[in-house]
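> Build me a model from this:
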Amino acid sequence: MDKINEKIEKLRATLRYHADRYYNDDAPEIEDYEYDMMMRELKELEEKYPEFDAPDSPTKRVGGKADNSFAGVVHTVRMESLQDAFSKEEIFEFDKRVHDTVDSVHYVVEPKIDGLSVSLEYINGVFSRGSTRGDGDTGEDVSGNLRVIHNIPLKLNTDLPYIEVRGEVYMPKKSFQRVVDRQLINGEKPFKNPRNAAAGSLRQKDSSVTATRGLDIFVFNVQQVEGAALTSHKQSLDFLKELGFHTIPSYRRVESIEAAFQEVERIGEQRGELEYDIDGAVIKVDDFADREQLGSTAKFPKWAVAFKYPPEEKQTTLLDIEMAVGRTGVLTPTAVLSPVHLAGTTVSRATLHNQDFILEKGINIGDIITVRKAGDIIPEVLCLNEKHSEGCFAFPEHCPSCGEKVVREEGEAAIRCINPECPAQLLRNLIHFCSRDAMDIEGLGPSIIETFVNNGMLQKTADIYHLDKAAIASLDGFQETSAGNIIASVERSKENDLGKLLFALGIRHIGAKAGKLLADRFQDMDHIMMASKEDILSIDGYGEVMADAVVDFFQADGARELINELKAVGVNMKSKTVVVDRRFEGMTFVLTGTLTRYKRSEAAKLIEGFGGKTASSVSKKTTYVLAGEAAGSKLDKANALGVSVIDEATFEEMIQS
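Numbers count the residues shown, from 1 in each chain. Alright, predicted model coming up:
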């Protein structure tokens, strides 16, 4: 029995981990189907061995807990989850349970949208509040972000005293592709699937970011209503449509469970052709009086069931492996396949993830492999079926785009090219180089840089300093004035401090503050390029990974060529930090609260002028916390750690002595 209990606890721990990654981090690591199968196994074990039941088991939960960064919302009508079914037999068992209580029944069948469940509340026909499901009882207030979703009406067609509806916020496949493309351009980790993307977008602190993500919603339920008498689900969906809601598509009322399952199969056959993601179909008892009789368990309504479609998998031949260089320098293998029909489309290419995946599965060209669509969208190789080759495919040692030697940093799965002049990384590198914390070239935002690249005006980073005013003005949408402003901003950037240039170069692991520390320590670019790993490790705040990244970067011919080109056009290569003396050397200051005698930037500059450095968070390594008025959590942490806290008067004595 100990082994049974151990297995149950292991399943619970695994499910809690993946639930947290799915609901709260929006970064799932396994497919829904794998999660569902583990949950089913746990349920069966708990039913078979009730002595090992636990009140905090994942089987007792509905969803994820509310994110504390948003205000909590207590749901007056519980937002229940649905019981899952994975076979026709289970659907018919559901029907039998329904008929044990209700003699005659009609069902409504509708797609199960794969997104984020939300509640929308309206008072006198006006949108008043929107919240996530959370754990079913308490969610989070995301009203501001919901307001920017165009298909959520801010005013209904009828002034009902009150209505609360439930819907699913999702990201259409086209929007998902646009978002992922932009993330890759910016060097960000792309969302894994549309559901992940929708959840991450809805939880943005800035609703203007949410507005750019192309979110949509399908409303599928009336939670509660005043001023209208509704007796069935189909009637309520028709009513929601009249009010102006974007209702769940293709819902159908049927008279038997046989017809219901036929509809489930029809929806499943079409899911690859839909413009949105679904992970199943829902069968609901139509009549509300029947639902009242049937009731709910502690977690599920007894009047509904969700049929979950298994991920479709096919076997095919691996014809070739193509190696692409992403905009962040990562080498990505793509499998070229013998075409196979999968989830509604013909698939001839699929991702192979990375070198570790290929080695683990023992895959090479000519093998028979299994392929599926992750989230029904992105084709991926799943495993090896039949070995028809010798050994495993190996990544090239040199970048297929620029020929520079590729590197794999310790602890990373990715193999990447770190050459800043690699053509495959051009757009991302240019955007980063011109950004505010880097060279701060006003007017050269992502879209304008992309326009210049597409017109052949920027083919490498140094071309920024050879832009021609007349050529810019000749492009559609530009005038002589805007072209002149861009050229002036480019010229101003030549005078930037060396620290900003170092950050602009895009050296792995080197942020804006690390770039400044490097500039202040060695004072000019030539000394940095000649510095050894040991020299760089002498900088307080630098570790092995950062030191290796700097040395590796400047050993590449492409980096040295870029530096020489930037020198030739007059870009500053020296640190502008003037160290008066080094009384603060080895000291770290954290600034918090409102300072009255200095701006924070002025205080930080003074500290750096005396050889010290500033940090954004308090730790045991912090020397002083300079606290102004209304200092908050940083002051509390300093007191808890025993870090010395000084006020502005004390700070002034320190810099004037």
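
> contacts and neighbour counts: CA atoms only from here.
Will do.

> K234 and K241, how far apart?
K234 sits 11 Å away from K241, taking Cα to Cα, to the nearest Å as the criterion.

> What does the residue positioned nearest the centre of the chain show for phi and psi?
Centroid-nearest residue in the chain: F191, 4.4 Å away (criterion: Cα atoms, centre = their mean). Dihedral angles of F191 (phi, psi; degrees, to the nearest 10) stand at phi -60, psi 150.

> Also G611?
When read as degrees, to the nearest 10, the backbone of G611 gives phi 80, psi 0.

> I'd say it and E585 touch.
Yes - using Cα atoms under 8 Å, G611 and E585 qualify as a contacting pair, with a distance of 4.6 Å.

> These two: who's more crowded?
Neighbour count, other Cα atoms under 10 Å: between G611 and E585, G611 has more, with 22 against 15.

> list the contacts for the more buried one?
Shown in contact with G611 (Cα atoms under 8 Å, 6 or more residues apart in numbering): 579, 581-586.

> so how far is D636 from the closest residue to I369 other than its chain neighbours?
Spatial nearest neighbour of I369, excluding adjacent residues (Cα to Cα, 6 or more residues apart in numbering): L384 at 4.5 Å. Distance from L384 to D636, counting by Cα to Cα: 55 Å.

> The two: which is more packed in?
Ranked by neighbour count (other Cα under 10 Å), L384 and D636 place L384 first, with 19 against 12.

> Shouldn't the more buried one be within a strand?
Yes - counting by DSSP: H, G, I helix; E, B strand; the rest coil, L384 is found in a strand.

> So what touches stretch 4-15?
For stretch 4-15, the external contacting residues (Cα under 8 Å, 6+ apart) are 35, 38-39, 42, 45-46, 52, 57-58.

> To which secondary structure element type does the residue nearest to E442 when sequence neighbours are not counted belong?
In this structure, E442 finds its nearest non-sequential neighbour in S489, 5.8 Å apart by Cα to Cα, 6+ apart. Under three-state DSSP, S489 falls in the helix class.

> With R372 instead?
With three-state DSSP as the basis, R372 sits in strand.

> what residues are up against it?
Listed by Cα under 8 Å, 6+ apart, the contact set of R372 reads 311-314, 342, 379-382.

> Looking at neighbours, which among these is most surrounded?
Compared across the contacts of R372, V381 has the highest neighbour count, 28 neighbours, by other Cα under 10 Å.

> Quick check: that one is in a helix.
No - using three-state DSSP, the assignment for V381 is strand, not a helix.

> mind checking how far it is from F522?
Applying Cα to Cα, the value for V381 to F522 is 48 Å.

> How about G366?
Noted for G366: a distance of 53 Å to F522, by Cα to Cα.

> Repeat that for M573.
As judged by Cα to Cα, M573 and F522 stand 11 Å apart.

> Same question for A568.
Look at A568 and F522: by Cα to Cα, they are 21 Å apart.

> ditto for L562
Distance of L562 to F522, computed by Cα to Cα: 19 Å.

> what do you get for I539?
10 Å.

> G499 now?
Computed as Cα to Cα, the G499 to F522 distance reads 11 Å.

> sorry, back to before: which of A568 and F522 has more neighbours?
F522 (19 against 10).

> so where's the protein uncertain?
For the chain, the stretches with pLDDT under 70 are 23-26, 61-69, 185-187, 343-344, 374-377, 579-580.

> Setting the sequence-adjacent residues aside, check what's closest to E495.
Distances taken as Cα to Cα, 6+ apart place N572 nearest to E495, at 5.5 Å, with adjacent residues excluded.

> and the one you found, backbone torsions?
phi -60, psi 130.

> wait, what's in contact with it?
494-498.

> Top of those by number of neighbours, please.
Neighbour count (other Cα under 10 Å) singles out L498 as the most crowded of the contacts of N572, with 26 neighbours.

> surely that residue meets T577?
No - assessed by Cα under 8 Å, L498 is found out of contact with T577, at 9.3 Å.

> element containing the closest residue to V102 other than its chain neighbours, please.
With Cα to Cα, 6+ apart as the criterion, V102 has its nearest non-adjacent residue at 6.6 Å, and that residue is D290. Assessed by DSSP states H and E, D290 sits inside helix 288-294.

> packing partners for the very next helix or strand once past that helix?
Note on helix 288-294: by DSSP H and E, the next helix or strand toward the C-terminus is strand 304-308. Where contact means 3 or more Cα pairs under 8 Å, 6 or more residues apart in numbering; DSSP states H and E, strand 304-308 is packed against strand 84-85, helix 88-101, strand 278-285.

> okay, the ones you listed in CSV with distance to W303 next?
Listed next are the helices and strands packed on strand 304-308 as CSV, based on distance: least, Cα to Cα, whole Å:
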stretch, distance to W303
strand 84-85, 12
helix 88-101, 7
strand 278-285, 5
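
> Among these, show me which one is buried the most.
Scoring the helices and strands packed on strand 304-308 by mean neighbour count under mean count of other Cα atoms under 10 Å gives strand 278-285 as the most buried, with a mean of 24.

> what's stretch 522-535 in contact with?
With Cα under 8 Å, 6+ apart as the test, stretch 522-535 has contacts from 498, 518-519, 547-548, 551, 554, 573-575.

> Buried only: go through the residues you listed for me.
Listed as buried from these are 498, 518-519, 547-548, 551, 554, 573-575; burial here means 16 or more other Cα atoms under 10 Å.
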